[in-house]
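S.K.: Structure for the following, please:
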Amino acid sequence: IDAYSMSIGSPIPNEISNSYPHAFSFIKIISKLIESHNLDKVRILDIGSGSGIFARHALIAARELGILDKIEFLLSDISKKALKEIKKRKILNEFVEFRHYQLLELDLFNLDQCKDINGKKFKLENIDAISMNYIYDALPAIILKPQAKGYQKLQFRFLKEDTGEAFFPQTSTDIDEKALIQNPDLINELLLDSRWVDYDIKQQNDLQQKYFELVGASQANHLNEVIFNYGAMAVTEDLMTRLSDHGFVFSCDMEIKEEFQASFKVYGNAGANFINETIITKLIHKLGYASYIHSDQLLTKMIYF
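M.R.: Residues are numbered from 1 along each chain as shown. Here you go, the predicted structure:
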């Protein structure tokens, strides 16, 4: 949570996604959902809750729109430490007495292993709305470049500037949690070394093989690269099965712009892949769902239902 508030180097772009207007726009959709389906209760799953600020703003918005008593808000994160910090810092303290929320430890690639902060198993089902802010960019992806026959994939690593040696060998003890937190600009002090290598789909993991057919149906971006967000595709397909009959997924992420010189970006000490909206929506339509996409100068917003 401290890292989110630091302004050193290239900051984590969370101010917009954690803002009250952004949360309010999401809750307005929830309000219309309640109205159109005459619902007594709406179960919302927020994935990658992080600092918990988006959830707090969403609950405030629900209270102001008069639907707080109809909301069940599930905050989830892969980091149990983050969930504990939300409790420790009393981010949602004003809503404790209403019991409108739960904290869940969630690995997106093992949804059936979801559990609450106390370790009790929690079944993800009948979700009416799923919110994801900057989740897709953190999921496994590969950057591919079309060739006359097949594709090449991008490999990159960070190097120590003074020696040129790889910074993250398996035996390295140079980097730890303390170093990452105390120096949020650490990666920007290093050299980036990249290369293109042949990509053989037959040698890749099951998820890449499962979704690879959609790569050919996706146009290359302005860098003549195709971002293969296979992790986002796998997660989305599984999440859609957890929705209620009127449920939807609301995802916000970074938009790749013409002036960007790479299909990925480093924020703080983390790398993020840009999103190939085309390949994800092609999967959504193949599965029989509908989609709505809107991009502006700051975000790409995607709704699947």
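
S.K.: pLDDT weak spots in the protein?
M.R.: Within the chain, the ranges that satisfy pLDDT under 70 run 1, 3-13, 160-177, 179-181, 184, 268-269.

S.K.: For it, which segments count as helices?
M.R.: Shown for the chain, the helices assigned by DSSP state H span residues 2-5, 20-37, 53-64, 80-88, 177-182, 206-211, 230-240, 277-286.

S.K.: If you count neighbours, what's buried in stretch 134-147?
M.R.: Counting neighbours by 16 or more other Cβ atoms under 10 Å, one finds that the buried residues in stretch 134-147 are Tyr134, Ile135, Tyr136, Asp137, Ala138, Leu139, Pro140, Ala141, Ile142, Ile143, Leu144, Lys145. Quick note: C-beta positions are derived from backbone N, CA and C, even for glycine.

S.K.: Next: stretch 69-77.
M.R.: By neighbour count, and taking 16+ other Cβ under 10 Å as the criterion, the buried residues in stretch 69-77 are Lys70, Ile71, Phe73, Leu74, Leu75, Ser76, Asp77.

S.K.: Write down the beta-bridge partners of the third one, one by one.
M.R.: Just to be clear, that refers to Phe73. Residues found in beta-bridge contact with Phe73 (criterion: DSSP bridges) are Ile44, Tyr101.

S.K.: try the last one
M.R.: Beta-bridge pairing for Asp77 (DSSP bridges): Glu105.

S.K.: Who are the contact partners of it?
M.R.: Ile47, Gly48, Ser49, Gly50, Leu83, Leu104, Glu105, Leu106 (Cβ atoms under 8 Å, 6 or more residues apart in numbering).

S.K.: distance of it from Phe274?
M.R.: For Asp77, the distance to Phe274 (Cβ to Cβ, to the nearest Å) stands at 22 Å.

S.K.: hang on, Ile127 packs against Gly247?
M.R.: Yes. Under the criterion of Cβ atoms under 8 Å, Ile127 lies in contact with Gly247, with a separation of 5.6 Å.

S.K.: what's the offset of stretch 19-36 from the middle of its chain?
M.R.: Here stretch 19-36 shows a centroid-to-chain-centroid distance of 20 Å under the convention Cα atoms, centre = their mean, to the nearest Å.
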